[in-house]
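J.: Sequence and predicted structure are below.
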Amino acid sequence: MNVRRLMFGAAVVAVLPLAAQKESQVRLLPEQASQIIPKEIYGQFAEHLGTCIYGGLWVGEESAIPNTDGYRNDVLQALKDLKVPVLRWPGGCFADEYHWRDGIGPREDRPRMVNNNWGGTVEDNSFGTHEFLNLCELLGCEPYVSMNVGSGTVQETAQWVEYMTAEDGPMAKLRKQNGREKPWRVKYIGVGNESWGCGGNMRPEYYADLYRRYQTYCRSYNGNRLFKIASGSGEYDLHWTEVMMDRARNQMDGLSLHYYTVAGWSGSKGSATDFTDEDYYWTMGKCLDIENCIREHSKIMDKYDPKKRVALMVDEWGTWWDEEPGTVRGHLYQQNTMRDAFVAALSLNVFHKYTDRIKMANIAQIANVLQSMILTKEDKMVLTPSYYVFQMYNVHQDATYLPAEVQCEHKMVRAQMGRDGEQRDLPMLAATASKAKDGAVHISLSNVDLKESNEVTVDLAGLELKTVTGQMLTVKDIADKNTFEQPDVVKPVAFKGAKLSKGKLVVKMPPMSIVALELK
Ligand code: AHR
């Protein structure tokens, strides 16, 4: 192991040849604070995929599962507690086969369709535009609606926007007939999803023109100013970003980026729950590589848009493992362990650093799909370790980002599963900090080491803070998870291991722990 000093919020500044040690240092740099962490960084994603919508969020009014207007009460409450700022829907790949008119009007009259992307499940369209937008109102979050460019028409897209947001006109009349008098407020629209893949297998040169055309007819009605997001790269497709920025930047407010912590797109992705220490460290490395990916895309965006008007929207991210044995193929149902919790924490830390360009991120997905916040089975609900990270971190929403310098042990880890020779230098401690509007300072620390505890000394750089309280998420085994039988194995507990004296904070972190501190 070696020890390095990293600037969290700027570039690597120095490499210090210190001996290996179990202590780490963090220095806050409040004088460099200039960015607000947009709450939309904590965004969620709900696709018509497996049991994310049906069973996860929506059970219908007639269900024996306690519900409010068809939405599960337990899930509604858990999501309110999470302070979800924005919810992306209806896909994903599903969006480019979705025809919104199938999902309005009396439910018994709605046509059924085959969900070709996700296991061939028959979709009855009982959850449509009204059900989604009313859910957003209940949760107090912004809707983010993905339009069908792959198999839909320009007219269909234009009319959907009109249906949702116009006060008057033929689409508003139809909406009123369907029981909704006032338009909804819809700010974010995605014009195509993964248009290089499931969204139409297009070349960027072709999609750029199509994007320009489709977005032209997405009008801002009655003061509802739309924020238009173009389909962007998957991981490192820098050519896609280059072409989109060159040809369509003046027509977009945001360009998306998808980044999954996944061991390749063919063959096994690895078990969600049965993995080695080496697999775990690989995962941390792959997850942190999102920073490099963001930088590479940002460099291109900076060239075309030095004033950073166009936002980078990481509207799909998270872990992707093999489906849980015994579940429906194509439903992407996976368990969630403390390893996933670390991916959530480390990724959010990275997003905090780049909010000059990144204005939204949406973890995939909110319930029962990929790195879920929530798992459900009939009337039972479980909150995952990833849910608890989002809950512990939601104090950073709309707070002022405080850059910090971190000095800690590093470990050389395998970078890519199955690719020999690739190594990555993995810091054993990760840190992020922010200052809330009421003056409270929040520091979130992750000790990713599986075996060693870490005594972290935080230099508060003159900030006058007198009290410290905290919460901790930790486990006995990195593969620990919450199940329907044992739902409380991984859960935050009060943390007493932080002491504040003379402008310094000393935090004693056990191995495999995520600590969230509040200083006042
Ligand atoms: O989140 C699951 C799928 O991953 C989405 O539908 C698609 O956009 C991506 O490939």
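T.: Sure thing, it's come through. Residues are numbered from 1 along each chain as shown.
J.: Alongside the ligand, which residues does the stretch 301-450 of the chain contribute?
T.: Residues of the stretch 301-450 of the chain lying near the ligand by Cβ under 6 Å from any ligand atom: 316, 364-365, 370. C-beta here means a position set from N, CA and C on the backbone, and glycine is covered the same way.
J.: Next, format these as TSV and append secondary structure and pLDDT.
T.: TSV is the format used below for those (DSSP: H, G, I helix; E, B strand; the rest coil; pLDDT from 0 to 100):
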residue	secondary structure	pLDDT
316	strand	98
364	strand	98
365	coil	97
370	coil	98
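J.: Tell me which helix or strand in the protein has the weakest average pLDDT.
T.: One helix or strand of the chain scores below all others by mean pLDDT, DSSP states H and E: strand 2-8, with a mean of 49.
J.: tell me which residues of the next helix or strand after that one are tucked away?
T.: Next helix or strand after strand 2-8 toward the C-terminus (DSSP states H and E): strand 23-28. By neighbour count with 16 or more other Cβ atoms under 10 Å, strand 23-28 contains the buried residues 24-28.
J.: what residues are up against whatever residue of the chain ends up closest to the ligand?
T.: Across the chain, the shortest distance to the ligand (Cβ to the nearest ligand atom) belongs to residue 92, at 2.7 Å. Applying Cβ atoms under 8 Å, 6 or more residues apart in numbering to residue 92 gives the contacts 45, 47-49, 117, 146, 193, 316, 364.
J.: same check, this time on residue 59
T.: For residue 59, the contacting residues are 65, 67, 70-72, by Cβ under 8 Å, 6+ apart.
J.: how about 6 Å then?
T.: For residue 59, the contacting residues are 65, 67, 72, by Cβ atoms under 6 Å, 6 or more residues apart in numbering.
J.: Skip ahead from the top strand by length along the chain and say which helix or strand is next.
T.: Ranked by number of residues, the top strand in the chain under DSSP state E is strand 404-414. The first helix or strand that comes after strand 404-414 along the chain, using DSSP H and E, is strand 423-427.
J.: Pull the contacting residues for the spatially most central residue of the chain.
T.: Central residue of the chain (Cα atoms, centre = their mean): residue 363, 2.4 Å from the mean position. When contacts are counted by Cβ under 6 Å, 6+ apart, residue 363 touches 318, 371.
J.: Just say helix, strand or coil for it.
T.: strand (DSSP: H, G, I helix; E, B strand; the rest coil).
J.: what about stretch 45-57, how long is it end to end?
T.: Stretch 45-57 stretches 12 Å from its first residue to its last (Cα to Cα, to the nearest Å).
J.: Now do that stretch: everything it contacts.
T.: 75, 87-92, 94, 118, 123, 127, 331-333, 362, 364-369, 376.
J.: what about it and the ligand, touching?
T.: Yes: contact of stretch 45-57 with the ligand (Cβ under 6 Å from any ligand atom) involves residue 47.
J.: Quick one: mean pLDDT over that stretch.
T.: Stretch 45-57 shows a mean pLDDT of 98 in the predicted model.
J.: ok, and for that stretch, which residues are buried?
T.: Neighbour-count burial for stretch 45-57 flags 45-57 (criterion: 16+ other Cβ under 10 Å).
J.: What is the distance between it and the centre of its chain?
T.: In terms of Cα atoms, centre = their mean, to the nearest Å, the centre of stretch 45-57 is set 16 Å apart from its chain centre.
J.: could you pull out the strands for the stretch 351-500 of the chain?
T.: Assigned by DSSP state E, counting those that start in this stretch, the strands in the stretch 351-500 of the chain fall at 358-364, 374-377, 380-383, 400-401, 404-414, 423-427, 429-435, 441-447, 454-459, 468-474, 493-494, 498-501.
J.: So residue 230 sits against residue 253, correct?
T.: No: applying Cβ atoms under 6 Å, one finds residue 230 not in contact with residue 253, separated by 8.9 Å.
J.: ok, those two, which is more surrounded?
T.: Using other Cβ atoms under 10 Å as the criterion, residue 230 and residue 253 rank with residue 230 on top: 29 against 19.
J.: ok, the more buried one - contacts?
T.: Going by Cβ under 6 Å, 6+ apart, residue 230 touches 191, 211, 244, 252, 255.
J.: Filter the residues you listed to keep only those in contact with the ligand.
T.: Filtering the contacts of residue 230 for proximity to the ligand by Cβ under 6 Å from any ligand atom leaves nothing.
J.: For stretch 264-273, list every residue counted as buried.
T.: 269-273.
J.: and that stretch, how far from the chain's centre?
T.: Stretch 264-273 sits 20 Å away from the centroid of its parent chain (Cα atoms, centre = their mean).
J.: And stretch 131-148, by the same measure?
T.: 16 Å.
J.: how about the CA coordinates for it, as CSV?
T.: Provided in CSV are the C-alpha atoms of stretch 131-148 (Å, rounded to 0.1, in the frame of the first residue of the first chain):
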residue,chain,number,x,y,z
GLU,A,131,-50.4,7.6,-12.8
PHE,A,132,-46.8,8.7,-13.2
LEU,A,133,-47.3,12.4,-12.9
ASN,A,134,-49.7,12.1,-10.0
LEU,A,135,-47.0,10.0,-8.2
CYS,A,136,-44.5,12.7,-8.8
GLU,A,137,-46.9,15.2,-7.2
LEU,A,138,-47.4,12.9,-4.2
LEU,A,139,-43.6,12.6,-3.8
GLY,A,140,-43.0,16.3,-4.4
CYS,A,141,-40.5,15.5,-7.1
GLU,A,142,-39.8,16.7,-10.6
PRO,A,143,-40.9,14.4,-13.4
TYR,A,144,-38.4,13.5,-16.1
VAL,A,145,-40.2,12.0,-19.1
SER,A,146,-38.4,10.1,-21.8
MET,A,147,-39.9,10.5,-25.3
ASN,A,148,-40.1,7.8,-27.9
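J.: Run through who's touching it.
T.: Counting by Cβ under 6 Å, 6+ apart, 71, 79, 84-89, 91, 95-96, 98, 157, 184, 186-191, 193 sit against stretch 131-148.
J.: Among those residues, which lie within helices?
T.: Among the contacts of stretch 131-148, the members found in helices (DSSP state H) are 79, 157.
J.: Can you give me the end-to-end span of stretch 82-98?
T.: Chord length of stretch 82-98, first to last residue, is 28 Å (Cα to Cα).
J.: in that stretch, what counts as buried?
T.: In terms of neighbour count (16+ other Cβ under 10 Å), stretch 82-98 has its buried residues at 82-98.
J.: mean confidence score for that stretch?
T.: On average, stretch 82-98 scores 98.
J.: Now the phi/psi pair for residue 276, please.
T.: Dihedral pair for residue 276: phi -90, psi 170, per degrees, to the nearest 10.
J.: how near is it to residue 267?
T.: In this view, residue 276 and residue 267 are 17 Å apart by Cβ to Cβ, to the nearest Å.
J.: same deal with residue 316?
T.: 21 Å.
J.: ditto for residue 78
T.: Separation of residue 78 from residue 267 (Cβ to Cβ): 34 Å.
J.: again with residue 247
T.: Separation of residue 247 from residue 267 (Cβ to Cβ): 35 Å.
J.: Could you chop the chain up by domain?
T.: According to automatic domain parsing, the chain comprises the domains 2-34+403-519, 39-397.
J.: Please identify the most buried of those.
T.: domain 39-397 (a mean of 20; mean count of other Cβ atoms under 10 Å).
J.: What is the end-to-end distance of that one?
T.: 4 Å.
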